[in-house]
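>>> Sequence unavailable; structure follows:
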């Protein structure tokens, strides 16, 4: 009879122990669900919000930089056009036929040396009879007005730019 009671008491104790372990296990599971769990590789909430704010600021800055880049591209294109126009209206040393090599108009030289010589001749006429005008300015910024049917010769005068 004593053995029977031990078995009953042992079974009851095992049953109660099982209930206690189950209850403890359930409370831990509930705790895990209700607590915020850090997942490896995941950014915590405050840092995530700060990063999202920084991303928004960087997106705005990228938009500003794109707009600035577009403005600079437009300015560069305008400057290149102006430089091409200046180059097309600038002549250096040599003989130029007006209306063929260069456009008619008034040209001014800058940084003229003391050895500068220029001459306007009637196209196709040789010798002294063809000279319409010439100059030996010896410095300064001389200007000439050129028309179709003329040749313009310049030596040691630097560049002439159409005005």
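Perfect, thanks for sending it. Nothing here was measured: the structure is a model prediction, and the numbers come from that model.
>>> And the residue nearest the centre of this protein?
The C-alpha lying nearest the average C-alpha coordinate of the chain belongs to residue 69 (CA atoms, centre = their mean; 4.5 Å).
>>> Just after the host helix or strand of that one, pick out the following helix or strand.
Under the criterion of DSSP states H and E, residue 69 resides in helix 45-88. Going down the chain from helix 45-88, the next helix or strand is strand 90-91, by DSSP H and E.
>>> what comes into contact with that next one?
For strand 90-91, contacts defined as CB atoms under 8 Å, 6 or more residues apart in numbering pick out 101, 102, 107, 152, 154, 159, 160, 161, 162. C-beta coordinates here come from the backbone N, C-alpha and C atoms, glycine included.
>>> please redo it, this time with the cut-off set to 6 Å
102, 159, 160, 161 (CB atoms under 6 Å, 6 or more residues apart in numbering).
>>> can you pick the most crowded of those?
Within the contacts of strand 90-91, residue 160 tops the neighbour count with 26 neighbours, counted by other CB atoms under 10 Å.
>>> right, and it touches residue 106 too?
No. If you go by CB atoms under 6 Å, residue 160 and residue 106 don't touch, sitting 9.8 Å apart.
>>> For burial, what's the neighbour tally of residue 112?
22.
>>> separation between residue 47 and residue 53?
Residue 47 sits at a distance of 11 Å from residue 53 (criterion: CB to CB, to the nearest Å).
>>> Ignore what I typed, I meant residue 118.
Note on residue 118: its distance to residue 53, by CB to CB, is 68 Å.
>>> So for those two, which sits in the more crowded spot?
residue 118 (21 against 10).
>>> can I assume the more buried one sits in a helix?
No. Applying DSSP: H, G, I helix; E, B strand; the rest coil, one finds residue 118 to be strand, outside a helix.
>>> pLDDT value on it, please?
At residue 118, the model reports a pLDDT of 93.
>>> Repeat that for the one 4 residues further on.
With respect to pLDDT, residue 122 scores 93.
>>> In contact with it, which residues?
Per CB under 6 Å, 6+ apart, neighbours of residue 122: 130, 132.
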